[in-house]
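[1] my questions concern the predicted model and sequence given below.
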Amino acid sequence: MPKTKKYILNVKWEQRLYFYSLLFFAVLLPFQPIKLPLTLGLMLYSAVWLITLQFGTKLKLLAKNKMASLCFAYFLWIVIGAIYSPEKGEAIKDMVLKVPFAVWPILIGSVALFGTKNREQLVKAFIVALAVGTLFNFILAFVNYASTGDSQYFYFSKLIVSKLIPPHYFGMYLNMTYGILLLGLLQKNYLFKKQYWQIVLLAICVIGVIFAAVRMQYIVFIAITLFVFFRGYHHKSIGKKMLAMLGLVAAMLGLSMAFPGSRARLNDTVNEFNSRNEMVNSKQTNHRKFIWTEGLEVIKQNWLFGTGTAAADPVLNARLYTIEATFWNGESTYKLRDKKYNYHNAYLQHWAAHGLIGFILLVAIFVAGWRNTPDLVPKIFLLVCALSFITESMLERQAGVLFFSFFYTLFFILKPKKEVTI
């Protein structure tokens, strides 16, 4: 008996260290401060993983995890792409950036100490941290507005404080959180004990999406609302379901048009659509028309193996150099040759850099995850990311890699054991 008791205490000690390392990571994810890197959570978890030994048991668990194998294959192909890449220095940087796709599955997929309750606690920690981060952004916006009179501090890139999280990424975080909170509210399965907390957090997310003014995230918001209402709201009256759903979408769009910063972003969309073939009223269409057109040409020329890891952007920018379209940055005009661009589409980015196999691996990560669970919360995460990846190369920045690899591992690679209380 004493020996068994000692073993149980060791397990609890080990589990606490693992869990608090993940908690540290989840809480800092919406902030990503430079001076306190959230990768410290990853390193702490790695240290615990190493000192607790039992590598044979860990490898046996990992070998049974098919979803982890898919992430390994994705990372391995990036490494292989670095071998034939002409951009060796940048390829190494990209490999380091993508390391979480291999490390998180190893660290979490080889440990059987977490229950579904623990996963829920980590999601809740991220949601609360994101809400705090959103409020902090607005507080600073008020301070800056009071001192300068510039209302643009409430919108888009001026609203988001963290230099490591662009608005498109922050909007993705907000929409995933919004979808999870909305689902819990409709199913009366609250993440937080009191219903009003669920409503308050939901309202913060909606306001955050509106003022972040990321146009693609408006579309994601609508798509997530439709998905949650149709798949997660089992109301007998179809009419009431439709009315509630449309009312929520209409309220979000109405508020977006009510505020000047978000309204200007929507007006830009109209101008870009009208000028998609040629300049209209001195307005130019979106950069992506040219980026995607030239990006497809890069893919046609390198469709099988791609250009190599981190080599796709230089090839794209060489093609963009000949584009004579002019754009306005708020102060002066510029041409595409004056900046460096990625493909602004994760799927095109992967096909151009990693060829057909890289593209298939990325799509397979989404498809396998979707088919692997009946739970709607992981599907909300996948849907938000899949749509967000259409207009941004989300896996070319730390903000996208850490978010996607962490939650993908949490939802699809972590195999919950019998509930464990920490």
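    Received the coordinates, thanks.

[2] helices along the stretch 51-200 of the chain, start to end?
    55-63, 66-83, 88-97, 100-109, 116-148, 156-159, 167-186, 195-212 (DSSP state H, counting those that start in this stretch).

[3] how about a markdown table for the ones you listed, with mean neighbour count, mean pLDDT and distance to F273 added?
    C-beta: built from backbone N, CA, C; applies to glycine. Shown next, in a markdown table, are the helices of the stretch 51-200 of the chain (neighbours: other C-beta atoms under 10 Å; pLDDT from 0 to 100; distance: least, C-beta to C-beta, whole Å):
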| stretch | mean neighbour count | mean pLDDT | distance to F273 |
| --- | --- | --- | --- |
| helix 55-63 | 13 | 88 | 48 |
| helix 66-83 | 19 | 96 | 35 |
| helix 88-97 | 16 | 97 | 34 |
| helix 100-109 | 23 | 94 | 36 |
| helix 116-148 | 17 | 96 | 29 |
| helix 156-159 | 18 | 94 | 19 |
| helix 167-186 | 25 | 96 | 19 |
| helix 195-212 | 20 | 95 | 21 |
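
[4] need those in JSON lines (columns: distance to A244).
    Converted to JSON lines, those look like this (distance: least, C-beta to C-beta, whole Å):
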{"stretch": "helix 55-63", "distance to A244": "43"}
{"stretch": "helix 66-83", "distance to A244": "35"}
{"stretch": "helix 88-97", "distance to A244": "41"}
{"stretch": "helix 100-109", "distance to A244": "37"}
{"stretch": "helix 116-148", "distance to A244": "22"}
{"stretch": "helix 156-159", "distance to A244": "29"}
{"stretch": "helix 167-186", "distance to A244": "9"}
{"stretch": "helix 195-212", "distance to A244": "13"}
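
[5] and the ones you listed: which comes nearest E297?
    helix 66-83 (19.7 Å; C-beta to C-beta).

[6] rewinding a little: quick one: closest of the helices of the stretch 51-200 of the chain to K300.
    helix 66-83 (18.2 Å).

[7] low-confidence ranges in this structure?
    1-11, 235-236, 418-422 (pLDDT under 70).

[8] can you pull out the strands in it?
    Taking DSSP state E to define them, one finds strands in the chain at 326-328, 333-335.

[9] of the ones you listed, which is nearest F411?
    strand 326-328 (38.8 Å).

[10] could you list the buried residues of that closest one?
    Within strand 326-328, the residues that count as buried by 16 or more other C-beta atoms under 10 Å are F327.

[11] what strands line up against it, and which way round?
    strand 333-335 (antiparallel) (DSSP bridges).

[12] how close does S405 get to L382?
    The gap separating S405 from L382 is 13 Å, by C-beta to C-beta, to the nearest Å.

[13] residues contacting C205?
    Counting by C-beta atoms under 8 Å, 6 or more residues apart in numbering, C205 touches L130, A131, T134, L174, N175, T177, Y178, L181.

[14] go ahead and confirm the second one touches L202.
    No: checked against C-beta atoms under 8 Å, the pair A131 and L202 is beyond contact range at 9.6 Å.

[15] about what we covered before: how about the helices of the stretch 51-200 of the chain, which one is nearest M279?
    It's helix 156-159; of these, that one is closest to M279 (C-beta to C-beta) at 23.6 Å.

[16] ok, F389 - contacts?
    Contacts of F389 (C-beta under 8 Å, 6+ apart): N345, A346, Y347, L395.

[17] and it, how far from K188?
    Counting by C-beta to C-beta - F389 and K188 are separated by 32 Å.

[18] could you measure from G56 over to Q15?
    In terms of C-beta to C-beta, G56 sits 19 Å off from Q15.

[19] for W292, which of the helices of the stretch 51-200 of the chain is the nearest?
    helix 167-186 (16.0 Å).

[20] and the closest one, what does it pack against?
    helix 116-148, helix 156-159, helix 195-212, helix 215-232, helix 376-388, helix 398-408 (3 or more C-beta pairs under 8 Å, 6 or more residues apart in numbering; DSSP states H and E).

[21] my guess is N342 contacts S393. True?
    Yes: between N342 and S393 a contact is recorded at 4.4 Å, counting by C-beta under 8 Å.

[22] need the overlap of contacts for those two.
    Q349.

[23] any chance of the strands of the chain in JSON lines, plus distance to K289?
    Formatted as JSON lines, the strands of the chain follow (distance: least, C-beta to C-beta, whole Å):
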{"stretch": "strand 326-328", "distance to K289": "11"}
{"stretch": "strand 333-335", "distance to K289": "14"}
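
[24] ok, which of those comes nearest V79?
    strand 333-335 (35.7 Å).

[25] contact partners of the closest one?
    I323, E324, A325, T326, F327, W328.

[26] residues touching the first one, list them.
    I323 is in contact with F290, E294, K335, L336, R337, counting by C-beta under 8 Å, 6+ apart.

[27] leaving out sequence neighbours, find the closest residue to the second one.
    Taking C-beta to C-beta, 6 or more residues apart in numbering as the measure, E294 lies nearest to R319, with 4.2 Å between them; neighbours along the chain are not counted.

[28] roughly how far apart are A325 and L185?
    Distance of A325 to L185, given as C-beta to C-beta: 45 Å.

[29] so which bits of stretch 308-325 are buried?
    G308, T309, A310, A311, A312, D313, V315, L316, N317, R319, L320, I323.

[30] which of these lies closest to T269?
    Using C-beta to C-beta, these come closest to T269 at I323, 20.9 Å.

[31] so who does V27 touch?
    A125, F126, A129.

[32] my guess is the second one contacts M176. True?
    So the one you mean is F126. No: judged on C-beta under 8 Å, F126 makes no contact with M176 at a distance of 9.0 Å.

[33] rewinding a little: let's have the contacts of F389 in JSON lines, adding neighbour count and distance to G355.
    As requested, those are exported to JSON lines (neighbours: other C-beta atoms under 10 Å; distance: C-beta to C-beta, whole Å):
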{"residue": "N345", "neighbour count": "20", "distance to G355": "16"}
{"residue": "A346", "neighbour count": "24", "distance to G355": "15"}
{"residue": "Y347", "neighbour count": "17", "distance to G355": "13"}
{"residue": "L395", "neighbour count": "22", "distance to G355": "16"}
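
[34] can you report how many residues lie near F31?
    For F31, the neighbour count with other C-beta atoms under 10 Å is 17.
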